[in-house]
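Participant: This is the structure alone, sequence omitted:
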Ligand code: BES
Ligand code: ZN
Ligand code: ZN
């Protein structure tokens, strides 16, 4: 949590973010400290710190590159003792807030499954900020960070805890807290609605699927028709009968609901921030397993909108459940449908874990605005072509579509498969790369990253209906 204050308390650990004037104000009178600061300012160093007794003094030179500032925040978190229970940041500009954001995002820990969690926990709970900041900007930042924390935790939770039903419950709790509506369809309702893709993927599981519908509607929304956010909620992806190998593949697949965490987290943040955009969220959720009644390669599945799909690989399950959800979105006559999904390993071939893959048939303005937001928050989006030529690759000889599109352009053909179900302007974000880190990655964390939320919050805050 970031909290605005007017004073630096005695004995506080302090971060000074030095503006163009290169002057640390409110520096306590301590032996050697002002010399240290003078030397730092004169040096080429971008940041440095001094530990005096038990007190930390961090110094960061402002930089227009906000990512550098977030990384400086991460460095501060790693340098600060885990047991340090206070930190006050002094600064006045956007750069200082980015340092604060970097510290706050780096302060996340997932300790639930450690026997000695308390010993490992950072003592720092609140980052105090002294500076001329708009309290609304600070509270929005806090809300967004809270949503990112939530999404990371969801991704980090194993399937033994986070079943489809549990994920739905967690989203219901968000709705209660932040004041948006949540309705959870159970297996019987999903069957009545004939969501054939979600039912097919769930057939190998002993845990029922869920379909969660969120609605955040402000009093005077700027959009007359909602923006629908769809998130892939595969709580565990074994691949099904087309079973995945274990190392660096199935062993990572608790993260296959990263799209769901992103979209529910975005609506959570939007509701807490009292965004003026009317949003609907749709989360189809299930695990994908090779149980006795599992759907098979060769099956033909009839989707929610009547489209038939020849299943040629049960590991291409994301598009089966998302096809139903996107078709379901059409009833809202939305202004825009956006999905986020850990959809293809091929997305990692495109951009590794450095960027998510963006594509769609929405206007160039919408796509450009998303790219811009991704840059601003450093969750970069690589815009891929989305030509109709790629549709050919998902045509089946015995059904309307097949669920794999061959070796080439796998990320795009998966997007083209999904586009088939959208009757309104559509955007697809394949977050398979950045959603989960196998090794610690700066303030983005280790494990679930919560990627996409900061981008979408930024995008929605500047959103203009078409
Ligand atoms: N969940 C995976 C995609 C994935 C892979 C996400 C690696 C994160 C890291 C998805 O369900 C999948 O298995 N896709 C297949 C599709 C293929 C069978 C057409 C893939 O990418 O191999
Ligand atoms: Zn899969
Ligand atoms: Zn998957």
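Facilitator: On my side now, so go ahead. The shown structure was predicted, so the numbers you read here are calculated from the model rather than taken from an experiment. Ligands and ions are numbered 1, 2, ... in the order given.

Participant: Now do the helices in the stretch 101-250 of the chain.
Facilitator: Under the criterion DSSP state H, counting those that start in this stretch, the stretch 101-250 of the chain contains helices at 117-120, 135-156, 164-178, 187-192, 196-202.

Participant: just the strands in the stretch 351-466 of the chain please.
Facilitator: In the stretch 351-466 of the chain, the strands defined using DSSP state E, counting those that start in this stretch lie at 356-360, 381-383, 401-402, 426-430, 436-441, 445-448.

Participant: which one of the ones you listed has the most crowded surroundings?
Facilitator: Among those, strand 426-430 has the highest mean neighbour count (mean count of other Cβ atoms under 10 Å), at a mean of 29. To be clear about C-beta, it is placed using only N, CA and C from the backbone, and glycine gets the same treatment.

Participant: Distance from that one to the middle of the chain?
Facilitator: Between the centre of strand 426-430 and the centre of its chain there are 14 Å (Cα atoms, centre = their mean, to the nearest Å).

Participant: tell me what it is packed against?
Facilitator: strand 336-341, strand 356-360, helix 364-377, helix 410-419 (3 or more Cβ pairs under 8 Å, 6 or more residues apart in numbering; DSSP states H and E).

Participant: OK, contacts around the closest residue to ligand 1 within the stretch 101-250 of the chain?
Facilitator: Closest contact between the stretch 101-250 of the chain and ligand 1, by Cβ to the nearest ligand atom, is at residue 237 (4.6 Å). If you count contacts by Cβ atoms under 8 Å, 6 or more residues apart in numbering, residue 237 has them with 244, 250, 253, 256, 287-288, 315, 317-318.

Participant: Near ligand 1, list only the ones from the residues you listed.
Facilitator: Near ligand 1, judged by Cβ under 6 Å from any ligand atom, the entries from the contacts of residue 237 are 256, 315, 317-318.

Participant: what about the helices and strands packed on strand 426-430, which gets the closest to ligand 3?
Facilitator: Ranking those by proximity to ligand 3 (Cβ to the ion) places strand 336-341 first, at 8.0 Å.

Participant: strands paired with that closest one, and their directions?
Facilitator: Counting by DSSP bridges, the strands paired with strand 336-341 are strand 227-231 (parallel), strand 426-430 (parallel).

Participant: which residues make contact with it from outside it?
Facilitator: Where contact means Cβ under 8 Å, 6+ apart, the residues beyond strand 336-341 that reach it are 227-232, 258-259, 262-263, 318, 322, 325-326, 329, 356, 360, 362, 366, 418, 422, 424-432, 452, 456, 466.

Participant: Buried residues, it. List them.
Facilitator: Judged by neighbour count using 16 or more other Cβ atoms under 10 Å, the buried positions of strand 336-341 are 336-341.

Participant: now do stretch 128-147
Facilitator: In stretch 128-147, the ones that count as buried by 16+ other Cβ under 10 Å are 128-131, 133, 138-147.

Participant: Also stretch 157-167?
Facilitator: Burial within stretch 157-167, assessed by neighbour count using 16+ other Cβ under 10 Å, is assigned to 157, 159, 162-167.

Participant: got the phi/psi numbers for residue 254?
Facilitator: Recorded main-chain torsions at residue 254 are phi -70, psi -20, according to degrees, to the nearest 10.

Participant: any idea how far it lies from ligand 1?
Facilitator: Between residue 254 and ligand 1 the distance, using Cβ to the nearest ligand atom, to the nearest Å, works out to 11 Å.

Participant: isn't that residue right up against residue 162?
Facilitator: Yes: assessed by Cβ atoms under 8 Å, residue 254 is found in contact with residue 162 at 7.3 Å.

Participant: Contacts only, for the nearest residue to residue 308 once chain neighbours are set aside.
Facilitator: Nearest non-adjacent residue to residue 308, counting by Cβ to Cβ, 6 or more residues apart in numbering: residue 399, 4.0 Å away. With Cβ under 8 Å, 6+ apart as the criterion, the residues that contact residue 399 are 300, 308-310.

Participant: same thing but 10 Å
Facilitator: When the contact criterion is Cβ atoms under 10 Å, 6 or more residues apart in numbering, the partners of residue 399 are 299-302, 307-311.
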